[in-house]
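**Student:** Next one to model:
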Amino acid sequence: MAGMWKNGFVVAMAAEFSFAAYHRPISIRRKVRRWIIVSRCGPNSEFLTIASAAGKVEPEADAPIGLAPVNTAVGILLSASAEDITFLMVRQQPTHFPIAGTFFPTDGYSRIFESQGTFRLRSEGRHAHCARRPDCDIRSDEPDPAPNARRALGWHVEAVRHNWVGEFIS
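**Tutor:** Okay, here's the model as predicted:
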């Protein structure tokens, strides 16, 4: 598994999301566990996608077979070292870069690394968005303060890879 995260991959991860106030991202309000699908892709593996997925997270269980992307955040390669790779999360979907699920604009970073022989992700930031139309899932970048500020949140994500039949590693 060593170094598998340095090239393209698609993996399922059990994630703990800690949500906070948008203007005080250190002030945690609630925590939830969710599955995420994490992918490193692009011609030079310069993009990272993190998609939320439905399904109950069981601590030691494999990821469910039918995981599917719901909301997808995108990061662009910021730095790489022997210990980790960091991506800057983006508010605008990169041009000519199709994603699965609905694009989810974010400010923040995501770092992938190995710890104790396990592939992990740490991501922190915040998001502010609203649907363009009530009947449409497409989301748009929003000014600060956001018109729907109650839904704007700061977030922290800690995730660990689980076995999954949909996994792909190049």
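**Student:** Going by C-alpha atoms from here, please, whenever you check contacts or count neighbours.
**Tutor:** Noted.
**Student:** Phi, psi for E167 please.
**Tutor:** phi -70, psi 140 (degrees, to the nearest 10).
**Student:** Quick check: bridge partners of the residue nearest to it when sequence neighbours are not counted?
**Tutor:** In space, and not counting its chain neighbours, E167 is closest to V11: 4.9 Å by CA to CA, 6 or more residues apart in numbering. Going by DSSP bridges, V11 is paired in beta bridges with V38.
**Student:** quick one, what contacts V11?
**Tutor:** By CA atoms under 8 Å, 6 or more residues apart in numbering, V11 lies in contact with I37, V38, S39, R161, H162, W164, G166, E167, F168.
**Student:** The first one and V160, how far apart?
**Tutor:** Using CA to CA, to the nearest Å, I37 is found at 11 Å from V160.
**Student:** got any residues that touch both of those two?
**Tutor:** Common neighbours of I37 and V160 (criterion: CA under 8 Å, 6+ apart): M13.
**Student:** neighbour-wise, which of the two wins?
**Tutor:** Using other CA atoms under 10 Å as the criterion, I37 and V160 rank with I37 on top: 24 against 21.
**Student:** so who does that one touch?
**Tutor:** Here I37 is in contact with V10, V11, A12, M13, T49, I50, A51, S52, A53, L67, A68, P69 (criterion: CA under 8 Å, 6+ apart).
**Student:** tell me which element the fifth one is part of?
**Tutor:** Spelled out, it's T49. Taking DSSP states H and E as the definition, one finds T49 inside strand 47-53.
**Student:** any idea which helix or strand comes after that strand?
**Tutor:** Following strand 47-53 toward the C-terminus (DSSP H and E): strand 71-80.
**Student:** Show me what the helix or strand following that following strand is packed up against.
**Tutor:** Heading C-terminal from strand 71-80, the first helix or strand you meet, by DSSP H and E, is strand 84-89. Here strand 84-89 touches strand 71-80, strand 107-115, going by 3 or more CA pairs under 8 Å, 6 or more residues apart in numbering; DSSP states H and E.
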